[in-house]
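*Asks:* fold the following and give me the result.
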Amino acid sequence: MFRANLSSILLLFINGNISFNVNLLPQLRDWALLKPGQVFKLTVARNNQQVGDITYTIGSQPLINDVTITFDHNQSNNLLPNQTHMVGIGMPNDGVNDGDNFTGTIKVDVPDGFVFDSSRSNGVVTGSNVGDDLLGMFNTLGSMEGISISQEAAGKPIIIEYNRTKSELGKGFVLLYGHYIKNISGSQNTFTATVTATTTNADGDKANYDGSIQTIIKSHNIGMPVENPARNSLDSSFAIGENNIYRDQVNPDGSHQVVPSQPVTKSKKLPQTGEEHNSLATIGLLILSLATGLGLKKRKKD
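*Replies:* Residues are numbered from 1 along each chain as shown. Predicted coordinates for the structure are as follows:
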């Protein structure tokens with residue numbers, strides 16, 4: 001027979017030997033709402049004679065042990081403007097088994113010119129390979145349940161409001177997509193996450209004591225600059241060798257080969273020997289004719 005009065009004292013009457021379990025309230029999932037160090041006592045009495053007390057103490061609050069910032073694993077060199085990249089915020093914690101949620105805000109200070117892309121599959125990603133294999137962290141579509149993500153303008157902080165189980169946050173990531181709209185150096189390409197976290201249960205009750213809100217800040221420098229690559233400018237010229245003409249020779253296998261033809265000899269003006277000889281002959285004939293004429297005239301006079 002059990003009886004409890006309004007002062008929450010439990011009276012237990014037992015006839016004979018019996019074993020039993022006592023379920024204490026609040027339930028275990030709600031212990032995290034209580035201030036660490038608080039002591040609760042259960043008094044055990046027999047025939048109205050106190051036998052002893054059972055005490056239990058509220059342990060340490062569930063904590064986020066670290067904040068991890070993971071950048072698009074596909075990238076290892078310079079980044080290009082206007083290309084989409086992924087950023088994952090992880091919150092490993094020691095409360096993954098208590099059944100409660102963490103709720104709070106993640107403020108992500110982004111590099112200058114980084115723009116959040118709300119059209120992508122943002123949100124919490126979880127899965128068997130998430131956390132064990134970083135390459136698999138982006139293989140699961142993000143869930144926006146209990147998540148809101150916003151950004152006022154390019155380069156302004158991205159604000160993430162969240163309320164998800166500690167297990168999901170500890171084993172998965174809050175995933176967001178974005179792109180750069182301007183060039184920056186590798187040293188400027190830094191993401192900083194400021195995380196606040198408070199325990200809440202399924203009924204929406206929150207821990208409300210001094211120190212119940214945890215704040216942790218972590219930064220991660222990507223180290224890769226964002227820049228448009230220099231365009232290669234190739235100038236080509238085709239110099240024709242002196243006294244050579246080049247032609248495209250098509251080989252039997254379809255390939256092409258540029259080869260020089262036979263040298264072309266420049267045309268040279270031949271000496272005008274025949275013309276000069278003819279002129280001298282003409283002059284000689286004229287002299288001979290004159291001489292002959294003069295000789296004939298002299299004979300006639302004689």
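*Asks:* now the longest strand along the chain: average pLDDT?
*Replies:* Identified as the longest strand of the chain according to DSSP state E is strand 190-200. For strand 190-200, mean pLDDT rounds to 95.
*Asks:* mind listing what's buried in the host helix or strand of V108?
*Replies:* Under DSSP states H and E, the secondary-structure element containing V108 is strand 101-109. By neighbour count with 16 or more other CB atoms under 10 Å, strand 101-109 contains the buried residues 101-104, 106, 108-109. C-betas here are computed from N, CA, C, even on glycine.
*Asks:* what are the pairing partners of the helix or strand following it, and which direction each?
*Replies:* The element immediately downstream of strand 101-109 (helix or strand, assigned by DSSP H and E) is strand 114-116. Pairing partners of strand 114-116, with direction, according to DSSP bridges: strand 173-180 (antiparallel).
*Asks:* just the C-alphas of the strand it pairs with, formatted as CSV.
*Replies:* Presented in CSV, the C-alpha positions along strand 173-180 are these (Å, rounded to 0.1, in the frame of the first residue of the first chain):
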residue,chain,number,x,y,z
PHE,A,173,26.6,19.3,-38.4
VAL,A,174,24.6,22.5,-38.9
LEU,A,175,25.3,22.9,-42.6
LEU,A,176,25.1,26.2,-44.6
TYR,A,177,25.9,27.1,-48.2
GLY,A,178,27.3,30.3,-49.5
HIS,A,179,29.5,32.0,-52.1
TYR,A,180,32.0,34.8,-52.3
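*Asks:* which outside residues touch that strand?
*Replies:* Applying CB atoms under 8 Å, 6 or more residues apart in numbering, the set of residues contacting strand 173-180 from outside is 70, 79-91, 106, 108, 110-111, 113-117, 120-125, 130, 137-138, 142, 147, 149, 158, 160, 162, 226.
*Asks:* restricted to helices, list the residues you listed.
*Replies:* Secondary structure defined by DSSP state H assigns none of the contacts of strand 173-180 to helices.
*Asks:* for H85, give its distance to S255.
*Replies:* 43 Å (CB to CB, to the nearest Å).
*Asks:* the more surrounded of those two?
*Replies:* Applying other CB atoms under 10 Å to H85 and S255 shows that H85 carries more neighbours, namely 20 against 8.
*Asks:* so how many other residues sit close to the residue nearest to that one when sequence neighbours are not counted?
*Replies:* Of all residues not flanking H85 in the chain, D72 sits nearest, at 4.2 Å (CB to CB, 6 or more residues apart in numbering). Here the count is done by other CB under 10 Å, and D72 has 18 residues near it.
*Asks:* check contacts around D72.
*Replies:* Taking CB under 8 Å, 6+ apart as the definition, contacts of D72 comprise 85-87.
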